[in-house]
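Visitor: After the sequence you'll find the predicted model.
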Amino acid sequence: MAKVIVVTSGKGGVGKTTSTAALGAALAQRGEKTVVVDFDVGLRNLDLVMGAERRVVYDLINVIQGDAKLPQALIRDKRLETLHLLPASQTRDKENLTEDGVERVMDELRKSFDWIICDSPAGIERGATLAMRHADTAVVVTNPEVSSVRDSDRIIGLLDSKTAKAERGDKIDKHLLLTRYDGARAERGDMLKVDDVLEILSIPLIGIIPESMDVLRASNVGSPVTIADERSEAAIAYRQAAQRLAGENLPVALPGERRGFFGKIFGRRAA
Amino acid sequence: MNIFRFFAKESSAPAARDRLQVLLAHERASVGDNDLVSKLREEILAVIAKHVKVGDDQVNVKMDRGDQVSTLAVDIEIPLEKDARAA
């Protein structure tokens, strides 16, 4: 049965799109049929991060308005045949994103995919609430930084009240994905620690993604980091987060824990 | 204990954590209030409407949270006697 995941955060620039691409690719690499859906109408970027920006013909709004059939709008990834993208519209007004339309598209996607990963726009407006509307599970992307944590808290409140699952009286599963984490700075006391964020937001942790050049490099070349640089620390962390989403029980390792004696001494420079 | 830490600036993460805890405790309560106020407004409106004809915009409910005392202000505009009775 299809599982719908929303990748959300409230605050912009924390890594929603990067995380959607990386988690989507990691799930597809397991051989499960996955689609990543861009809900950021007007400011689409998932196509760019996935390296499919020149292959967009039809988009989510075209499908909602009946200008195109769903299969015409879906873009199959060139590297992974189990991975697909449903892009957002660049030019249309976001008013075109209707509740009925989104519901129809999600119902149709559920029939042919194992995983539907919805990339939410920043903010708490229509686009963000529609992206979370049909989710079974939410991945709340948070940076260890005050404004991001505050916005995540608001989003958690919305997940518990505004989703279809919450309105039916069910609990939506929520997971914290801590991104841009810098272990050395946290250790020096200049960045919120993992435990601080967990205590404040009190939702279970699904992964810690280290602040890393590899993530930037992957988006530069238009490839999810789990494909671009499979052995990087960020890719490993995303892959494990995907395994946890799939129900595997793995402990979460702190980035940098693998560092040895010299790593600790030169840790600051390494960061 | 690192000797350089002695000269370093005081760490800022504990301040971040404490500020967030205070702020979010407050914000969670007030977001909850908004919900309470809209529920109260709806039910008050329903009770009034049983006896008097009032419009949706004629009932105003406001809540003020203080440290010691919180107040709930309900402001209802009643129409003139001749057309007041509900059918």
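Guide: Done, it's in.
Visitor: okay, and the helix or strand of chain B with the least pLDDT?
Guide: strand B:59-64 (a mean of 78; mean pLDDT, DSSP states H and E).
Visitor: Packing partners of it?
Guide: Strand B:59-64 makes packing contacts with helix B:13-51, strand B:71-76 when contacts are defined by 3 or more CB pairs under 8 Å, 6 or more residues apart in numbering or on different chains; DSSP states H and E. Any C-beta I mention is one placed from the backbone N, CA and C, and that applies to glycine too.
Visitor: which parts of chain B sit against chain A?
Guide: For chain B, the contact set with chain A under CB under 8 Å from any CB of the partner chain comprises B:8, B:11-14, B:16-17, B:19-21, B:23-24, B:27-28, B:31, B:35.
Visitor: Can you say which of these are buried?
Guide: Neighbour-count burial (16 or more other CB atoms under 10 Å in any protein chain shown) applied to those gives B:Ser11, B:Ala13, B:Ala16, B:Arg17, B:Leu20, B:Leu24.
Visitor: among these, which two are most distant?
Guide: Largest separation among these by CB to CB: B:Ser11 and B:Leu24, giving 20.9 Å.
Visitor: In three-state terms, label A:Glu248 for me.
Guide: With DSSP: H, G, I helix; E, B strand; the rest coil as the basis, A:Glu248 sits in coil.
Visitor: how close does it sit to A:Val36?
Guide: Remark: distance between A:Glu248 and A:Val36 (CB to CB, to the nearest Å) = 21 Å.
Visitor: Whichever residue of chain B sits closest to chain A - nearest residue in space that isn't next to it in sequence?
Guide: Among all residues of chain B, B:Ser11 sits closest to chain A, at 2.5 Å; criterion: CB to the nearest CB. Closest residue to B:Ser11 apart from its sequence neighbours, by CB to CB, 6 or more residues apart in numbering or on different chains: A:Gly189 at 2.5 Å.
Visitor: For that neighbour, grab the count of nearby residues.
Guide: Using other CB atoms under 10 Å in any protein chain shown, A:Gly189 is surrounded by 18 other residues.
Visitor: partners of the least confident helix or strand of chain B in the sheet?
Guide: strand B:71-76 (antiparallel) (DSSP bridges).
Visitor: tell me the pLDDT at A:Val63?
Guide: With respect to pLDDT, A:Val63 scores 95.
Visitor: Give me the distance from the least confident helix or strand of chain B to the chain's centre.
Guide: 9 Å (CA atoms, centre = their mean, to the nearest Å).
Visitor: Show which residues not belonging to it make contact with it.
Guide: Outside strand B:59-64, the residues that touch it by CB atoms under 8 Å, 6 or more residues apart in numbering or on different chains are B:33, B:36-37, B:40-41, B:44-45, B:48, B:70-77.
Visitor: more neighbours, A:Glu248 and A:Val36?
Guide: A:Val36 (32 against 9).
Visitor: burial measure for the residue nearest to the more buried one when sequence neighbours are not counted, as a count.
Guide: Closest residue to A:Val36 apart from its sequence neighbours, by CB to CB, 6+ apart: A:Gly24 at 4.0 Å. If you count neighbours by other CB under 10 Å, A:Gly24 ends up with 32.
Visitor: what's A:Gly24 in contact with, if anything?
Guide: A:Thr34, A:Val35, A:Val36, A:Leu83, A:Trp115, A:Ile117, A:Pro224.
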